[in-house]
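> Here is a sequence together with a model predicted from it:
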Amino acid sequence: MLEVFNDNRSHFNKYESLAIDVEDDDTFGNLVLMENDKSDVDIPVIEEVTSSEDEQRAESSKRNNSLEDNQDFIAFSDSSEDETEQIKEDDDERSSFLLTDEHEVSKLTSQQSLNTESTCNVEYPWIRNHCHSKQRRIADWLTSEIKDFVHYISPSKNEIKCRNRTIDKLRRAVKELWSDADLHVFGSFATDLYLPGSDIDCVVNSRNRDKEDRNYIYELARHLKNKGLAIRMEVIVKTRVPIIKFIEPQSQLHIDVSFERTNGLEAAKLIREWLRDSPGLRELVLIIKQFLHSRRLNNVHTGGLGGFTVICLVYSFLNMHPRIKSNDIDVLDNLGVLLIDFFELYGKKFGYDDVAISISDGYASYIPKSCWRTLEPSRSKFSLAIQDPGDPNNNISRGSFNMKDIKKAFAGAFELLVNKCWELNSATFKDRVGKSILGNVIKYRGQKRDFNDERDLVQNKAIIENERYHKRRTRIVQEDLFINDTEDLPVEEIYKLDEPAKKKQKAKKDKREGEIKKSAIPSPPPDFGVSRSKLKRKVKKTDQGSLLHQNNLSIDDLMGLSENDQESDQDQKGRDTPSGQDEKSPLETKTVDAQTRRDYWLSKGQAL
Ligand SMILES: Nc1ncnc2c1ncn2[C@@H]1O[C@H](COP(=O)(O)OP(=O)(O)OP(=O)(O)O)[C@@H](O)[C@H]1O
Ligand SMILES: [Mg+2]
């Protein structure tokens with residue numbers, strides 16, 4: 001199966017060297033132009049059923065049968081022998097095309113010029129100006145289509161500005177109402193994983209931490225309405241996570257506002273780290289999201305897969321893929337096959353009944369559901385269970401009760417893609433022109449777009465603000481550790497105080513870093529236990545300042561970083577225990593394992 005992976009970057013075009021028959025200049029003129037042209041000429045679709053196409057269909061249906069017979073592996077041969085054969089066949093095909101009668105040829109030519117705009121755009125707008133039919137390997141064709149789709153769907157300057165303006169307005173409104181509160185953005189806008197119609201997830205956090213009270217929620221709802229910032233508003237207060245949902249009228253963007261939570265802000269940072277470390281994650285996530293969206297399987301309220309679940313699913317897939325893990329392939333050169341692999345795994349192979357997915361410290365693993373002691377029973381055994389990377393007790397996909405349909409859709413996509421690849425692999429150049437592989441599983445029915453991925457031209461304020469939030473918070477945690485009497489002060493006050501503290505802090509930090517450098521840092525093993533973020537929470541919840549005073553402990557003692565600290569038996573036990581089950585007393589935070597402690601301090605160092 002893995003033979004289809006492309007492990008080098010050369011994309012040889014076997015049609016390039018074909019001589020053009022002079023007499024056929026008119027017919028082929030457009031096609032040659034398309035291959036070389038960098039201008040805005042649209043690709044015409046030539047719909048012509050030939051007898052050879054009929055034969056190919058019969059052939060493809062034969063292959064379908066072999067799929068049903070469970071011989072569903074398709075290797076796209078790249079041996080030079082086959083290639084010579086293929087070129088010879090293509091030559092034959094091409095000459096038969098050249099011999100097509102004159103009437104047919106002129107019909108095709110005029111069709112090309114008439115249909116330039118309409119035919120390609122309607123069905124597969126993302127291939128409007130690109131012809132992928134020249135890719136030698138069919139898998140490369142799919143890879144380029146995925147890249148083009150992502151380019152097509154990525155935000156333009158104006159879209160980013162519009163989102164920025166919208167959150168600015170909402171933030172101002174929140175601050176105007178409550179001076180101790182601020183509005184933060186998380187979710188897909190803060191991770192750059194949004195589709196054109198994606199909502200903006202916001203959270204209001206306040207110094208008094210009281211805004212989740214329903215009176216406050218209604219107060220904000222009224223305020224936003226009165227200021228003309230919200231239409232079609234729903235205030236949902238009876239759920240575990242109270243929320244205000246509305247549309248901001250000027251941008252027409254859907255907004256969700258939740259209250260007094262930081263897990264989304266943590267997740268946004270984590271996902272951006274994943275995106276930095278996992279090439280191909282953004283591309284595959286956007287494709288799968290669009291795939292689910294076009295089948296209405298993306299709404300958690302109706303049992304679909306939410307955006308967060310898709311991210312975790314794709315991240316764990318890439319993280320555990322054997323060819324990626326062994327550095328055998330370049331992910332960005334193999335997006336096509338990886339997409340097919342993804343559909344096959346979650347459409348045909350995955351054991352939903354017994355297997356759960358765990359992501360801890362950036363490492364994904366499959367674990368038996370039976371080992372996840374805090375996993376809540378779901379409606380059916382056949383369900384997706386993904387451990388929240390920020391809270392190992394939380395199954396982020398527990399709401400996706402429609403897994404049967406989702407699995408069926410993934411399996412269908414696998415077959416459609418594979419069949420289309422077969423069909424086009426043996427098709428002639430003429431029959432490939434204007435065709436799409438991805439178009440068999442992805443539909444894009446939104447407004448026509450301009451192919452402008454302009455994310456590097458305008459700053460995404462949600463990302464900047466999220467980064468700032470984390471920097472600020474890291475400082476506060478450190479202030480908590482080193483200056484215990486600043487605990488109740490607002491951020492601004494802490495900043496005023498911190499000059500002398502900074503010196504003290506730097507001395508401590510240098511000492512810590514020295515200690516960290518002493519030990520080589522091996523890759524942490526996949527760990528279905530206390531996650532790093534869990535540890536962070538424990539540290540933050542603990543009143544470290546008073547502990548230091550009461551127990552006369554040094555920070556290094558408290559964090560278990562003192563030199564003679566060895567990994568104890570108790571550490572080992574702690575790792576074997578599913579995390580989050582026991583909130584230990586503050587002193588017991590000493591029992592986290594050494595690697596986790598190093599990671600914690602390293603992350604602190606980086607944030608400085
Ligand atoms: N089941 C869940 N458990 C915990 N946190 C969740 C859960 N679902 C969503 N979240 C939080 O809310 C954020 C936004 O989730 P959502 O599913 O809207 O994803 P998204 O990336 O914003 O995708 P979309 O563009 O489709 O809205 C996530 O990043 C995560 O922090
Ligand atoms: Mg969202």
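Perfect, thanks for sending it. Ligands and ions are numbered 1, 2, ... in the order given.
> only C-alpha atoms for contact and neighbour calcs from this point on.
Fine.
> and the gap between residue 478 and residue 471?
According to Cα to Cα, to the nearest Å, residue 478 and residue 471 sit 11 Å apart.
> cool, residue 242 as well?
27 Å.
> What is the three-state secondary structure of residue 367?
strand (DSSP: H, G, I helix; E, B strand; the rest coil).
> How about it: what's its closest non-neighbour residue?
residue 356 (5.3 Å; Cα to Cα, 6 or more residues apart in numbering).
> so who does the one you found touch?
Residue 356 makes contact with 366-369, 384-387, according to Cα atoms under 8 Å, 6 or more residues apart in numbering.
> What count of nearby residues applies to residue 165?
Residue 165 is flanked by 15 other residues according to other Cα atoms under 10 Å.
> same deal with residue 207?
Residues lying near residue 207 (other Cα under 10 Å) number 15.
> Tell me if stretch 306-322 is near ligand 1.
Yes: contact between stretch 306-322 and ligand 1 is present through 306-308 (criterion: Cα under 6 Å from any ligand atom).
> Pull out the CA atoms of that stretch and give them to me as PDB.
In PDB, the C-alpha atoms belonging to stretch 306-322 read as follows (Å, rounded to 0.1, in the frame of the first residue of the first chain):
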ATOM      1  CA  GLY A 306     -16.700  19.300  15.700                       C
ATOM      2  CA  GLY A 307     -13.700  21.200  14.500                       C
ATOM      3  CA  PHE A 308     -11.700  20.400  17.700                       C
ATOM      4  CA  THR A 309     -12.300  16.600  17.200                       C
ATOM      5  CA  VAL A 310     -11.200  16.900  13.500                       C
ATOM      6  CA  ILE A 311      -7.900  18.600  14.600                       C
ATOM      7  CA  CYS A 312      -7.200  15.900  17.200                       C
ATOM      8  CA  LEU A 313      -8.100  13.100  14.800                       C
ATOM      9  CA  VAL A 314      -5.800  14.400  12.000                       C
ATOM     10  CA  TYR A 315      -3.000  15.300  14.400                       C
ATOM     11  CA  SER A 316      -3.000  11.800  15.900                       C
ATOM     12  CA  PHE A 317      -3.200  10.300  12.400                       C
ATOM     13  CA  LEU A 318      -0.100  12.200  11.300                       C
ATOM     14  CA  ASN A 319       1.600  11.700  14.600                       C
ATOM     15  CA  MET A 320       1.300   7.900  14.400                       C
ATOM     16  CA  HIS A 321       1.600   7.300  10.700                       C
ATOM     17  CA  PRO A 322       4.500   4.800  10.300                       C
END
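> Give the rounded mean pLDDT of that stretch.
For stretch 306-322, mean pLDDT rounds to 98.
> just to revisit the earlier point, filter the contacts of residue 356 to the buried ones?
For the contacts of residue 356, a burial check counting by 16 or more other Cα atoms under 10 Å picks out 366-367, 369, 384-387.
> which of the residues you listed lies closest to residue 123?
residue 384 (32.5 Å; Cα to Cα).
> just checking, residue 389 touches residue 364?
No: shown here, residue 389 and residue 364 do not form a contact pair, counting by Cα atoms under 8 Å, at 9.5 Å.
> Mind listing the shared neighbours of the two?
residue 358.
> quick one on the thing from earlier: looks to me like the residue nearest to residue 367 is in a helix.
No: counting by three-state DSSP, residue 356 falls outside a helix, being strand.
> And it, how close does it get to ligand 1?
Per Cα to the nearest ligand atom, to the nearest Å, residue 356 is found 15 Å from ligand 1.
> Local confidence estimate at that residue?
You'll see residue 356 listed with a pLDDT of 98.
> do residue 33 as well
Residue 33 is given a pLDDT of 25.
> just the one 10 residues further on next, same as before
Confidence at residue 43, expressed as pLDDT, is 26.
> and what of residue 378?
pLDDT at residue 378 comes out at 87.
> ok, for it, nearest residue in space, not its chain neighbours?
Leaving out its chain neighbours, the residue that sits closest to residue 378 by Cα to Cα, 6+ apart is residue 398, at 6.9 Å.
> How many neighbouring residues does residue 414 have?
Residue 414 is flanked by 22 other residues according to other Cα under 10 Å.
> Can you tell me the element the residue nearest to it when sequence neighbours are not counted falls in?
Nearest residue to residue 414, sequence neighbours excluded (Cα to Cα, 6+ apart): residue 343, at 5.1 Å. When elements are assigned from DSSP states H and E, residue 343 belongs to helix 335-344.
> quick one: contacts of that helix?
4-5, 139-144, 146, 280, 284, 314, 317, 331, 410-411, 413-414, 417-418.
> ok, now stretch 190-206?
153-155, 174, 180-189, 211, 253-261, 268-269, 271-272, 282, 285-286, 290, 460, 462-463, 466.
> Same check on stretch 441-458?
Stretch 441-458 has contacts (Cα under 8 Å, 6+ apart) with 123-126, 151-157, 160-161, 287, 290-291, 294, 413, 416-417.
> do stretch 163-183 as well
Contacts to stretch 163-183, defined as Cα under 8 Å, 6+ apart, come from residues 184-185, 202-208, 220, 223-224, 227, 229, 248, 251, 460-462.
> List only buried entries from the residues you listed.
184-185, 202-206, 220, 223-224, 229, 248, 460-462.
> Those in strands, which ones?
Assigned to strands by DSSP state E, the following of these qualify: 184-185, 202-206, 248.
> export those residues to TSV and tack on pLDDT?
Below are these laid out as TSV (pLDDT from 0 to 100):
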residue	pLDDT
184	98
185	98
202	98
203	98
204	98
205	97
206	97
248	98
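> where do the helices sit along the stretch 401-550 of the chain?
Here the stretch 401-550 of the chain has its helices, by DSSP state H, counting those that start in this stretch, at 403-425, 429-432, 461-482, 491-518, 532-541, 544-551.
> And for the stretch 251-400 of the chain?
Under DSSP H, counting those that start in this stretch, the stretch 251-400 of the chain gives helices at 263-277, 281-294, 307-320, 322-325, 335-344.
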